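> no FASTA, just this:
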């Protein structure tokens, strides 16, 4: 079997896509057994060597909430000199202080489009959470940092069901107005379908949020992550979140399965002639290595196919 798909370009799609790799943070945050810091640092280095230019390194959240990322202070200095973008998640001003002290140049905040998830994840209402983020975002911008705003539950919520498009637009617009230069729309429980994706992107444009500021973050619970990504690409989105080997889910949403696997995404983009700068063979080898560290096979179908392991 060939290690590369046949390329058939589509002029209606972007020429290049930037992959925002979340495996080292979102992918590992739910692991029950502590992953050694050395392994995490090597994972980030291998991802960078495979051609990924944006790698979310860790989260400066309180260790009580995400014990797996309690080593952020130890990890970040080991990777910060890599020639790639290394954003980190900061939940509040204390997290921002920690990130700034270590020389982070990009941060992200994590908001919710629904009241139920805001309560479960942040123990606040949506508006209280936005108010909490505002000083963090303002200070980060004043410190010369780029700020990404994550928005979870953009398409469905395990407690509330389908999420009205206008509700997502309101919260996304609030993050945009706060100064977040990139807005990542998360399908946390994987229920989106392409028409829903198109409708939300159109509504955001109509509300004044340009496609150039939007990224998409799909989960593959119902096998829709790639088709939803393609719908976003057709709309002009050029930043796609993915997790090497398909690692990760969401600790506060039990029905959330893994993120879109970076290898599955790269296989599709390579076949469409869309540039990513990623070496699929090197990335696959990295995910095979990481799966060995975790003691279980990668859920990515492309990794399984290219490594000839069923």
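Sure, I can see it. Since this is a predicted model, take the numbers as computed values, not measurements.
> host element of the nearest residue in space to residue 139 that is not next to it in sequence?
In space, and not counting its chain neighbours, residue 139 is closest to residue 96: 6.1 Å by C-beta to C-beta, 6 or more residues apart in numbering. Backbone N, C-alpha and C define where each C-beta goes, glycine included. Taking DSSP states H and E as the criterion, residue 96 maps to helix 93-101.
> so after that helix, what's the next helix or strand?
strand 106-112.
> Direction included, what does that following strand pair up with?
As defined by DSSP bridges, the strand partners of strand 106-112 come to strand 88-89 (parallel), strand 146-152 (parallel).
> Let's have these in JSON lines, adding mean neighbour count, mean pLDDT and distance to residue 4.
Formatted as JSON lines, those follow (neighbours: other C-beta atoms under 10 Å; pLDDT from 0 to 100; distance: least, C-beta to C-beta, whole Å):
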{"stretch": "strand 88-89", "mean neighbour count": "26", "mean pLDDT": "98", "distance to residue 4": "33"}
{"stretch": "strand 146-152", "mean neighbour count": "23", "mean pLDDT": "97", "distance to residue 4": "31"}
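> Which of these sits closest to residue 71?
strand 88-89 (12.6 Å; C-beta to C-beta).
> so how far is that closest one off the chain centroid?
11 Å (C-alpha atoms, centre = their mean, to the nearest Å).
> Wait, residue 84 touches residue 54, no?
Yes. Judged on C-beta atoms under 8 Å, residue 84 makes contact with residue 54 at a distance of 6.7 Å.
> Output the strands paired with strand 106-112 in CSV; the columns should cover distance to residue 183.
Formatted as CSV, the strands paired with strand 106-112 follow (distance: least, C-beta to C-beta, whole Å):
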stretch, distance to residue 183
strand 88-89, 15
strand 146-152, 5
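> In contact with the nearest residue to residue 79 once chain neighbours are set aside, which residues?
Spatial nearest neighbour of residue 79, excluding adjacent residues (C-beta to C-beta, 6+ apart): residue 44 at 4.6 Å. Shown in contact with residue 44 (C-beta atoms under 8 Å, 6 or more residues apart in numbering): 24, 55, 57, 79, 82, 86.
> ok, now how distant is the third one from residue 81?
With distances defined as C-beta to C-beta, to the nearest Å, the gap from residue 57 to residue 81 amounts to 12 Å.
> buried residues in the least confident helix or strand in the chain by mean pLDDT?
Ranked by mean pLDDT, DSSP states H and E, the weakest helix or strand in the chain is helix 115-122, scoring a mean of 90. Using 16 or more other C-beta atoms under 10 Å as the test for burial, helix 115-122 gives 115, 116, 117, 118, 119, 120, 121, 122.
> Great, nothing more from me.
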